[in-house]
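can you look at this prediction? I've put the sequence above it.
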Amino acid sequence: MNGIECPYCKKLDAVSNALELREGEHKVECIACQKEFFATGKTYLKFHSKKTNCREGKHEFTEWVRHDFESDWYIRMNIMPNICEPHSIWSRRCVDCDEVEASDELPFGSALPEHLKEA
């Protein structure tokens, strides 16, 4: 929400009952200089969306994908390469929600662990 500025004294939030005003033109009085002026209100709608949670916790996951992290990746990302050994991580994402499953760090280039194949 934008505050109402008085066109005379330039005080921001010059109207004490701004939240009570609806759309259209309203004659109001500045709380600082006591001069009257017109304030025009407009209403805007903005929607945000996000995925729903899966019903009964039953996720439909994509196939497992391996992500390989080499030392030069850490250099490019400006992360401390001296403490980051090359490694791999396997992950998969639910096609309906934002749920992600991921393995622990594994030796670089590791195949998908057996216990994840069964999951």
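That came through fine.

helix or strand right after the worst-scoring helix or strand of the chain on mean pLDDT?
Across the helices and strands of the chain, mean pLDDT, DSSP states H and E gives its lowest value to helix 71-76, namely a mean of 63. Later in the chain than helix 71-76, the nearest helix or strand by DSSP states H and E is strand 87-93.

quick one: that next one to chain centroid distance?
23 Å (C-alpha atoms, centre = their mean, to the nearest Å).

repeat for stretch 99-109
What separates the centre of stretch 99-109 from the centre of its chain is 24 Å, taken as C-alpha atoms, centre = their mean.

give me phi/psi at Lys117?
Recorded main-chain torsions at Lys117 are phi -60, psi -30, according to degrees, to the nearest 10.

check which residues of stretch 35-53 are buried.
Neighbour-count burial for stretch 35-53, counted by 16 or more other C-beta atoms under 10 Å, picks out 37, 39. (C-beta placed from N, C-alpha, C; glycine too.)

correction: the previous question concerned stretch 59-67.
59, 64.

His115 belongs to a strand?
No - with DSSP: H, G, I helix; E, B strand; the rest coil as the criterion, His115 is helix rather than part of a strand.

now for it, how many residues are close by?
Counted with other C-beta atoms under 10 Å, residues neighbouring His115 total 8.

just the strands in the chain please.
Secondary structure of the chain (DSSP state E): strands at 24-29, 36-41, 65-69, 87-93, 100-102, 106-107.

so what are the sheet partners of the third one and their directions?
In the sheet, strand 65-69 lines up against strand 87-93 (antiparallel) (DSSP bridges).

could I get the average pLDDT for the partner strand?
Strand 87-93 carries an average pLDDT of 93.

for stretch 47-57, same thing?
The average pLDDT for stretch 47-57 rounds to 72.

got the domain ranges for the chain?
1-46, 55-116 (the TED database).

neighbours around the residue lying closest to Phe69 once chain neighbours are set aside, how many?
Among residues not flanking Phe69 along the chain, His87 sits closest, at 5.6 Å (C-beta to C-beta, 6 or more residues apart in numbering). For His87, the neighbour count with other C-beta under 10 Å is 16.

doesn't Gly109 make contact with His87?
No - between His87 and Gly109 there is no contact under C-beta atoms under 8 Å: 9.3 Å.
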